[in-house]
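K.L.:
need the 3D shape of this:
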Amino acid sequence: MTRYRMDDGTVVDTNNANQSWDEDTRWDGRNHISLATGTQWDHQTLYRSRKGRFYLEHTSQWEGKTPSAEWVSHRTAVSWLMTNEHKIPEDLLEVAESLSESWIREVLGSVSNRVQICSMTGASGPI
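P.N.:
Have a look, this model is predicted:
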C-alpha cells in the first residue's frame, strides 16, 4: 500500500485503485529498459482511481529519489497505455483515435486486426 498526497490535496492509495497498469520493458541486451521512462532506473505505474481519475506513480531505483504521483489527463493516460502496449479501455477508444488516427486506421484496416482490437479493448461484437 502506498499513499500519496496529490497537488490538489487529494490523498490516493494505490491499493484502492480500480485499475492499474505496469510499465512495459524491453531487453537491450544488458538491462530491462522501461518504455515509459526510457531508463532501467526510473519506473511508472498508471492507476485509475475509484472516481475514474488517472494518476501516474513515479518510482526509482536511484538512492534518495522519493516516489511520487501526479494526476494525468485521459489523453495522457491513453498515450501512456499505447506506449506501453496495453489494451485501451473501451471508454477511452475515442481518445485513442484522436491521439493517433494512423494507429486506429492500421488496427481497423483488416478483418484479422478487427479481432485484435476487440481483444485489445475487451470489446465483443463487430467493430
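
K.L.:
low-confidence regions, this structure specifically.
P.N.:
Applying pLDDT under 70 to the chain picks out residues 101-127.

K.L.:
name the nearest residue to the residue nearest in space to the middle of it, sequence neighbours excluded.
P.N.:
Residue closest to the average C-alpha location in the chain (Cα atoms, centre = their mean): residue 81, at 3.3 Å. Leaving aside its sequence neighbours, residue 81 sits nearest to residue 88 (Cβ to Cβ, 6 or more residues apart in numbering; 5.7 Å). (Each C-beta comes from the backbone N, C-alpha and C, glycine too.)

K.L.:
look at the one you found and say how many residues are nearby.
P.N.:
Using other Cβ atoms under 10 Å, residue 88 has 23 other residues around it.

K.L.:
secondary structure class for it?
P.N.:
Put simply, residue 88 is coil when judged by DSSP: H, G, I helix; E, B strand; the rest coil.

K.L.:
how near is the nearest residue to residue 34 once chain neighbours are set aside to residue 5?
P.N.:
Excluding the flanking residues, the one nearest residue 34 by Cβ to Cβ, 6+ apart is residue 23, at 4.9 Å. The gap separating residue 23 from residue 5 is 23 Å, by Cβ to Cβ, to the nearest Å.
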